[in-house]
Every structure is written in C-alpha cells, then in structure tokens.
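Student: fold the following.
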Amino acid sequence: MSLKDFNRTDDLFSLCGLNCGLCGYRLQGNCNGCFKESFCAKVCPMAPCSVMHGGLQYCFECPEYPCRHYEGFDSYDTLVLHRNQRRDMQKAKEIGIDAYHAEQLEKKKILDRLLECFDDGSKTACYCLAVNRMELKDLQKIMRNLNKTGDNSE
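Tutor: Alright, predicted model coming up:
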C-alpha cells in the first residue's frame with residue numbers, strides 16, 4: 001500500500017482530530033487539508049497509517065488509537081489548534097461523526113459571524129482559537145448576549 005491509496009473527503013475534521021473548519025490557518029488559505037495530493041498528507045505520519053489500517057477516515061476508528069503518533073501531540077497550540085485533539089476525537093467517537101459535524105457547523109456559523117462583524121483582520125487567530133476551544137453552548141450564550149445588545153462593533 002502507498003499514499004496513492006490515501007483518500008479523505010472530510011474538510012471539517014481531520015484524520016488526526018484537528019477541527020479544520022475552525023482553523024484560521026486554513027481559513028486564510030494557508031492549508032489545503034489532509035487530502036490525497038496535499039503537502040500535509042505527504043508529510044503526515046497518520047496518512048500512511050490510515051492506508052495501512054484499511055483507509056480509516058479518523059484515527060479514533062483504529063483499535064490502536066491513541067498510538068505513539070499522539071505522544072505529546074496535543075500539549076501545545078500553534079496556528080493549528082492541537083490542544084483539544086484527543087478530547088475532540090473522543091467526542092466524535094462518542095456522539096458519532098454526523099452529530100459532531102453538526103456541532104462543528106454551528107460553531108463555524110458563529111465563527112463566520114464573529115469574523116464578519118468584529119474582526120478588523122488582526123483578530124482572526126483569536127476568534128478561531130476561542131471558537132475551537134469553547135463549548136457550543138457557551139458560544140451560543142455569548143452570541144445571544146451580543147444579539148440582545150445589538151453590539152456589532154469592537
């Protein structure tokens with residue numbers, strides 16, 4: 001088996017548990033995800049592992065998860081949000097990927113609104129980090145409060 005057999009279609013949630021749909025790096029056009037021909041897939045240690053294990057779409061589907069690839073992986077954040085990977089993988093596994101996607105799409109709507117109404121171009125990473133790290137119910141409460149005050153300024 002080779003990387004040519006690597007095939008993914010999910011652009012919201014990566015093989016390793018990154019919330020790509022909420023990533024500022026990706027939203028700014030600096031990442032094209034972990035798809036067959038992408039640079040990320042070529043350097044990602046999880047891509048060949050996925051192929052070797054039958055084309056898994058998410059690492060949590062593997063009986064060996066979490067494996068050595070996850071050692072220290074979620075101990076930091078960069079422009080790519082790593083800190084919640086294990087938590088998010090566990091949640092996707094527990095509630096199912098469709099329910100997880102529904103929640104992520106709600107978060108994406110909130111992120112889009114925050115970026116549209118409150119970002120002058122310098123706060124994208126902050127909003128992406130906040131939406132990624134916060135629970136949906138907390139974000140919804142914040143948005144209700146913003147809607148009540150009608151505050152669309154910074």
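
Student: rest of the way, CA atoms for contacts and neighbours
Tutor: Noted.

Student: quick check: closest non-adjacent residue to the most centrally placed residue in the chain.
Tutor: Residue closest to the mean C-alpha point of the chain, counted by CA atoms, centre = their mean, is residue 19 at 0.4 Å. Nearest non-adjacent residue to residue 19, counting by CA to CA, 6 or more residues apart in numbering: residue 13, 4.8 Å away.

Student: and for that neighbour, the neighbour number?
Tutor: Summarising burial for residue 13: neighbours were counted as other CA atoms under 10 Å, giving 24.

Student: okay, now residue 135: neighbour count?
Tutor: 12.

Student: may I have the longest helix along the chain as CSV, with CA atoms only?
Tutor: Selection of the longest helix in the chain by residue count, based on DSSP state H, yields helix 97-118. Provided in CSV are the C-alpha atoms of helix 97-118 (Å, rounded to 0.1, in the frame of the first residue of the first chain):
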residue,chain,number,x,y,z
ILE,A,97,-19.3,11.9,13.3
ASP,A,98,-22.6,13.2,11.9
ALA,A,99,-23.6,14.7,15.2
TYR,A,100,-20.0,16.0,15.7
HIS,A,101,-20.1,17.7,12.2
ALA,A,102,-23.5,19.3,13.1
GLU,A,103,-21.9,20.8,16.1
GLN,A,104,-18.9,22.0,14.2
LEU,A,105,-21.1,23.6,11.5
GLU,A,106,-22.9,25.5,14.2
LYS,A,107,-19.5,26.7,15.6
LYS,A,108,-18.5,27.6,12.0
LYS,A,109,-21.6,29.8,11.7
ILE,A,110,-20.6,31.6,14.9
LEU,A,111,-17.0,32.0,13.8
ASP,A,112,-18.1,33.4,10.5
ARG,A,113,-20.3,36.0,12.3
LEU,A,114,-17.6,37.0,14.7
LEU,A,115,-15.1,37.4,11.8
GLU,A,116,-17.6,39.3,9.7
CYS,A,117,-18.8,41.7,12.5
PHE,A,118,-15.9,42.1,14.8
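
Student: neighbouring contacts of that helix?
Tutor: The contact list for helix 97-118 (CA atoms under 8 Å, 6 or more residues apart in numbering) reads 12-13, 19, 21-22, 91-92, 123-124, 127-128, 131-132, 136, 139-140, 143, 152-154.
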